[in-house]
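Visitor: Here's my sequence, what's the structure:
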Amino acid sequence: MYVVCITVHVAPGRANDFIEATLKNASGTRKEPGNVRFDVLRAIDDENRFFLYEVYKTPADFTAHQQTKHYLNWRETVQDWMAEKRQGVKHRSIFPTDDEW
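Guide: Here you go, the predicted structure:
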């Protein structure tokens, strides 16, 4: 599987807005045929820090996701709420194996 982990730090006062926008994006993403998982996590010690854990069947599925209306709307909506640039790291899943997802 192709896994994308994104660390997000939003500006103070924007966390609830970010959650609302991100849940809309996550809902649309979960309906994509190439998406396996989309988790939205919030740091326990900083309410303005989030972690997005996204799993796709292939890199092409992630690329297709980046062209969807819900993703493009999300990106435009949240861009001015960032306290710092989002950090994304791409991974290949080792365990569970692809056939175990």
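
Visitor: Now do the end-to-end distance for stretch 54-71.
Guide: One end of stretch 54-71 to the other measures 13 Å (CA to CA, to the nearest Å).

Visitor: So which bits of that stretch are buried?
Guide: 54-57, 61-62, 64-65, 70-71 (16 or more other CB atoms under 10 Å). (Each C-beta comes from the backbone N, C-alpha and C, glycine too.)

Visitor: what's the offset of it from the middle of its chain?
Guide: In this view, stretch 54-71 has its centroid 10 Å away from the chain centroid, taken as CA atoms, centre = their mean, to the nearest Å.

Visitor: ends of stretch 24-40, how far apart?
Guide: Using CA to CA, first and last residues of stretch 24-40 are 11 Å apart.

Visitor: Name the residues of it that come out as buried.
Guide: 25-26, 28-29, 32, 34-36, 38, 40.

Visitor: The buried residues of stretch 54-71 in helices, which ones?
Guide: Among these, the subset assigned to helices under DSSP state H consists of 61-62, 64-65, 70-71.

Visitor: any chance of these in JSON lines, with pLDDT and distance to residue 78 too?
Guide: JSON lines is the format used below for those (pLDDT from 0 to 100; distance: CB to CB, whole Å):
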{"residue": "61", "pLDDT": "98", "distance to residue 78": "22"}
{"residue": "62", "pLDDT": "97", "distance to residue 78": "18"}
{"residue": "64", "pLDDT": "98", "distance to residue 78": "20"}
{"residue": "65", "pLDDT": "97", "distance to residue 78": "16"}
{"residue": "70", "pLDDT": "97", "distance to residue 78": "12"}
{"residue": "71", "pLDDT": "97", "distance to residue 78": "11"}
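
Visitor: and the residues you listed as TSV, adding distance to residue 92?
Guide: Shown next, in TSV, are those (distance: CB to CB, whole Å):
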residue	distance to residue 92
61	14
62	12
64	18
65	17
70	25
71	22
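
Visitor: Nearest to residue 10 among those residues?
Guide: Of all those, residue 10 sits closest to residue 71, with 17.5 Å by CB to CB.
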